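Engineer: Structure of the sequence below:
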Amino acid sequence: MKALSVTGLMKTFKEKSGDVHALGPVSLDVTQGSFLCVLGPTGCGKTTLLRTIAGLEIPDSGSIELMLGADGRQPVVGYVFQQGALFPWMSIHANVEFPLLARGNIDRITRRLRVGAILEMVGLSDFSSSYPHQLSGGMQQRAALARSLVTQPDILLLDEPFSSLDTRTSQDLQENLRNTWKEAATTVVFVTHSIEEAVYLAGEVVVLGHRPGRIVRRQVINLQDPRSRLSQEFTEYLVSLRRTFEELVEEPE
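Structural biologist: Numbers count the residues shown, from 1 in each chain. You can find the predicted model right below:
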């Protein structure tokens, strides 16, 4: 069953220097419960695609269809930005609770229990009373992930959330994210420019070419859990996608 369907999506931005055709046309179906990585070079329209799916950008043409839940309700969409965008004046507990408060129809006990469960899931139970400035960059990104997950989203969109972190922290969070995804049973669309990150995280990788971003390849990643970057299978996928970049992702003129 599809979680979302993108058809003929195109987006152009008007700049002082002229129109910039950023994306498309792109057509893409995402299966419910899957982990999809959108991979491509800087400036190829990855973030534009994600923001358009989230409703933060209006496409020039094409359509996006988010499938209704089993009970007929509108799907809940979570979004994690490149920078966590936590409220600095709020504790981590308050930051994570905020989207539940914003709904206005969730009682205090339910909010407390849900926030506690999500903080435990991402390994931040001992830091619920801390403030963002007291946490490392990696812990702040965990808090941002928790804030998106607390709404129990049907679809979780992540825009290069680990790109500013050191390699070890990024790899730890990648493992944490895969474990969280399996436990939360949500659909994930994750944007990255890192081939290694895409291979480690995804069940399927979509590669976009240079601007305007168009799909040049779709690659299913069939690796057993727990995933190892040292396995032969991992290396084979890595080499295959690197070859795609060499052959199909051309340098812009």
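Engineer: What segments of this structure are helices?
Structural biologist: For the chain, the helices defined by DSSP state H occupy 46-54, 92-103, 108-121, 137-149, 167-184, 195-201, 232-248.
Engineer: Against which helices or strands is the first one packed?
Structural biologist: What that stands for is helix 46-54. Based on contacts counted as 3 or more C-beta pairs under 8 Å, 6 or more residues apart in numbering; DSSP states H and E, the elements that helix 46-54 packs against are strand 2-15, strand 18-31, strand 35-39, strand 77-80, strand 155-159, strand 187-192. C-betas here are computed from N, CA, C, even on glycine.
Engineer: and if you look at the fourth one?
Structural biologist: When contacts are defined as 3+ C-beta pairs under 8 Å, 6+ apart, helix 137-149 packs onto strand 77-80, helix 92-103, helix 108-121, strand 155-159, helix 167-184.
Engineer: Of these, which shows the lowest average pLDDT?
Structural biologist: Across the helices and strands packed on helix 137-149, the stretch with the lowest average pLDDT is helix 167-184; it has a mean of 88.
Engineer: tell me the angle of that one relative to strand 35-39?
Structural biologist: Using axes from the mean of the first three to the mean of the last three C-alpha atoms, to 10 degrees, the interaxial angle of helix 167-184 with respect to strand 35-39 works out to 140 degrees.
Engineer: CA-only coordinates of helix 167-184, as PDB, when you get a sec.
Structural biologist: This file holds the C-alpha atoms of helix 167-184, laid out as PDB (Å, rounded to 0.1, in the frame of the first residue of the first chain):
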ATOM      1  CA  THR A 167      31.300  11.000  11.600                       C
ATOM      2  CA  ARG A 168      31.100   9.000  14.800                       C
ATOM      3  CA  THR A 169      28.000  10.900  16.100                       C
ATOM      4  CA  SER A 170      26.300  10.800  12.700                       C
ATOM      5  CA  GLN A 171      26.800   7.000  12.500                       C
ATOM      6  CA  ASP A 172      25.500   6.500  16.000                       C
ATOM      7  CA  LEU A 173      22.400   8.500  15.100                       C
ATOM      8  CA  GLN A 174      21.900   6.600  11.900                       C
ATOM      9  CA  GLU A 175      21.700   3.400  13.900                       C
ATOM     10  CA  ASN A 176      19.400   5.000  16.400                       C
ATOM     11  CA  LEU A 177      17.100   6.300  13.600                       C
ATOM     12  CA  ARG A 178      16.800   2.800  12.000                       C
ATOM     13  CA  ASN A 179      15.900   1.200  15.400                       C
ATOM     14  CA  THR A 180      13.400   4.000  16.100                       C
ATOM     15  CA  TRP A 181      11.900   3.600  12.600                       C
ATOM     16  CA  LYS A 182      11.300  -0.100  13.100                       C
ATOM     17  CA  GLU A 183       9.800   0.500  16.600                       C
ATOM     18  CA  ALA A 184       7.600   3.400  15.500                       C
END
